[in-house]
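K.L.:
Below: sequence and its predicted model.
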Amino acid sequence: GGGGGGLKNSALLGQAVPAGWVADRDFTMGGELAPGDLVTVRRSDGTLRFAEVLAKTGIFFQDKWQVAVDNKGGAREEEGASLGRPNPAALAAFVASGPPAAA
């Protein structure tokens, strides 16, 4: 069994952030991060997608984080400053709007 590897936000990981979201209104850049936090990450294809913070990486003064970019074990290292923190109200509205049904 298992699946998701114990990720808190596995249902959202890898989903595109809503096109209407605006920085500083629907999400904020930078700020405190902790393992388990849901964040937005800019992917190599230019899309903004949801990810989950797994752990701090690098040496103590570096702001580098390992983030899960999907619920299949995909992860990458990102600078903390490049990770967005979703606004709880915007996130709640997105979740309430019904993410794509899982097949």
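P.N.:
Sure, I can see it.

K.L.:
Just the CA atoms of the longest strand anywhere in the chain, as CSV, please.
P.N.:
With secondary structure taken from DSSP state E, the chain has its longest strand at strand 48-57. Extracted C-alpha coordinates of strand 48-57, given in CSV (Å, rounded to 0.1, in the frame of the first residue of the first chain):
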residue,chain,number,x,y,z
LEU,A,48,3.8,27.4,-12.0
ARG,A,49,2.9,24.3,-10.1
PHE,A,50,2.2,23.1,-6.5
ALA,A,51,5.0,21.3,-4.6
GLU,A,52,5.7,20.3,-1.0
VAL,A,53,8.7,21.2,1.0
LEU,A,54,10.6,18.0,2.1
ALA,A,55,13.7,19.2,3.8
LYS,A,56,16.3,22.0,4.1
THR,A,57,19.4,21.2,2.0
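
K.L.:
what residues does that strand touch?
P.N.:
If you take Cβ atoms under 8 Å, 6 or more residues apart in numbering as the criterion, strand 48-57 is touched by 7-10, 12-17, 21, 33-43, 64-69, 75, 77-78, 83-84, 86. C-betas here are computed from N, CA, C, even on glycine.

K.L.:
go on, stretch 86-100?
P.N.:
For stretch 86-100, the external contacting residues (Cβ under 8 Å, 6+ apart) are 11-12, 15, 17-18, 21, 25-28, 38-40, 50.

K.L.:
Out of those, name the ones that lie in strands.
P.N.:
Per DSSP E, these map to strands at 27-28, 38-40, 50.

K.L.:
out of those residues, which are buried?
P.N.:
Buried by 16 or more other Cβ atoms under 10 Å: 27, 38-40, 50, out of the ones in strands among the contacts of stretch 86-100.

K.L.:
Output the below-cut-off pLDDT ranges for the chain.
P.N.:
1-5, 99-103 (pLDDT under 70).

K.L.:
For it, just list every one of the helices.
P.N.:
Secondary structure of the chain by DSSP state H: the helices cover 88-96.

K.L.:
ok, now which ones touch Lys64?
P.N.:
56-58, 77-80.
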